[in-house]
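>>> Model the following, please.
(one chain, ligands or ions: 1)
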Amino acid sequence: MNPGPFRRVLLKLSGDSFARLGERGISMDEVVHIARQTVQAASRGVQVAVVIGGGNILRGASFTAGNTGVQEATAHSMGMLATVINGLALQDALESVGAQTRLMTAIRMEGVAEPYIRRRAKRHLEKGRIVILAAGTGSPFVTTDTAAAQRSLELEADILMKATRVDGVYSDDPEKNPHAVLYRELTYQQVREQNLRVMDATAISQCMEHAMPILVFNYRKEGNIERAVAGEKIGTIIHSIVNRS
Ligand code: UDP
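Take a look at the predicted model:
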C-alpha cells in the first residue's frame with residue numbers, strides 16, 4: 001500500500017463527531033465508527049495524533065453565556081475536562097478495533113492518563129501508537145482548534161486535518177445557504193480576509209505563521225479519513241500559495 005505523502009498527521013476531531021447527528025453526549029457507535037476509520041488510515045504507516053474536542057458535552061463560552069454563577073475561566077476548565085471524557089471513550093474505541101494508543105492530557109490526571117510531554121508524545125508516535133491529546137492546551141479562553149494548531153507544530157506534523165461534517169470550507173454556512181460555494185483551495189490570508197469559518201483566529205494565525213497546511217474535510221463520508229491521510233484531493237486545503245491542480 002502506498003503510504004502517501006505524509007509521515008505524521010494531526011487529526012482534529014470535534015466533540016460533535018462523538019454524538020449522533022443533532023444530539024449531545026457520547027454514542028459509542030459513532031466513536032467506534034470514527035475509531036475504525038482512524039485505524040484504517042493509520043494502517044497505511046502514517047503516524048496519527050488526535051486532538052479531541054468537547055463540544056458534545058460542554059463549551060466554556062456558551063456555558064457561561066447561559067448560566068450565571070459560573071466564572072468563564074471555570075467553564076473553560078469544565079470544557080477541557082469534557083475533552084478528557086471524550087478522550088477516554090476514543091481510547092477504548094480505538095483499542096477495541098486493534099490499535100495501540102496513548103491518552104495524554106494537558107491537565108495532569110495521572111490516574112486516568114499520561115501527562116502531555118512533547119518528547120514522550122513523539123516517541124509514542126514513532127512506535128506506531130495513536131496518540132490522543134486531551135484537555136486542549138490546558139489553558140482557558142481558547143478552543144481545541146488552537147490546541148490542534150499548537151500540537152501540530154510541537155509534534156512537527158506534516159499537516160493538520162480538521163474533520164468536519166461538511167465537505168470543506170464554504171463561502172457561507174452550507175447547512176443554511178444552499179448557494180454556498182465550496183472552496184477547494186485557500187490561502188491563510190483569504191481565510192482571514194473573508195472571515196471564513198474554518199478554525200478560530202488564533203489557530204489560523206499560528207498555522208499561517210509557521211506554514212502548517214490545514215485540510216478541512218468531511219469525516220462522515222466513509223473512508224475519508226484514510227483518503228485525507230493518503231493525500232487524495234478531498235475537502236479544502238489551506239496553505240501559503242494556491243497551486244492545487
Ligand atoms: N477549552 C479550553 N482550552 C483549550 C481547549 C478547550 O478552555 O485549550 C475549553 C473551551 O471552553 C472549549 C471546550 O474546552 O469550548 C471544548 O472544546 P471545543 O469547544 O474546542 O470542542 P469542539 O468544538 O472541538 O468539540
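>>> Report the outermost residue of the protein with respect to its centre.
The outermost residue of the chain, judged against the average C-alpha position, is G69 (30.7 Å), by C-alpha atoms, centre = their mean.
>>> and it, what element?
Following DSSP states H and E, one finds G69 outside all helices and strands.
>>> Pull the distance from the lowest-mean-pLDDT helix or strand in the chain to the chain's centre.
When each helix and strand of the chain is scored by mean pLDDT, DSSP states H and E, helix 60-66 comes last, with a mean of 91. On the basis of C-alpha atoms, centre = their mean, to the nearest Å, helix 60-66 sits 21 Å off its chain's mean C-alpha point.
>>> what comes up buried for that helix?
Under the neighbour-count criterion of 16 or more other C-beta atoms under 10 Å, helix 60-66 has G60, F63, T64 buried. In this view, the C-beta of every residue, glycine as well, is placed from N, C-alpha and C.
>>> Go through those residues and name the one nearest the ligand.
G60 (2.4 Å; C-beta to the nearest ligand atom).
>>> Quick check: that closest one touching P140?
Yes - counting by C-beta atoms under 8 Å, P140 is a contact partner of G60 at 6.6 Å.
>>> what bridges to L11?
Legend: beta-bridge partners of L11 under DSSP bridges are V50, M161.
>>> So it is in contact with I52, correct?
No - taking contacts as C-beta under 8 Å, L11 lies outside contact range of I52: 9.2 Å.
>>> ok so, going back, considering only the buried residues of helix 60-66, which also neighbour the ligand?
G60 (C-beta under 6 Å from any ligand atom).
>>> Could I get the full set of helices for this protein?
Taking DSSP state H as the test, the helices found in the chain are 28-42, 60-66, 72-96, 118-126, 144-154, 188-193, 201-209, 224-229.
>>> By mean pLDDT, show me the worst of those helices.
Across the helices of the chain, helix 60-66 has the smallest mean pLDDT, namely a mean of 91.
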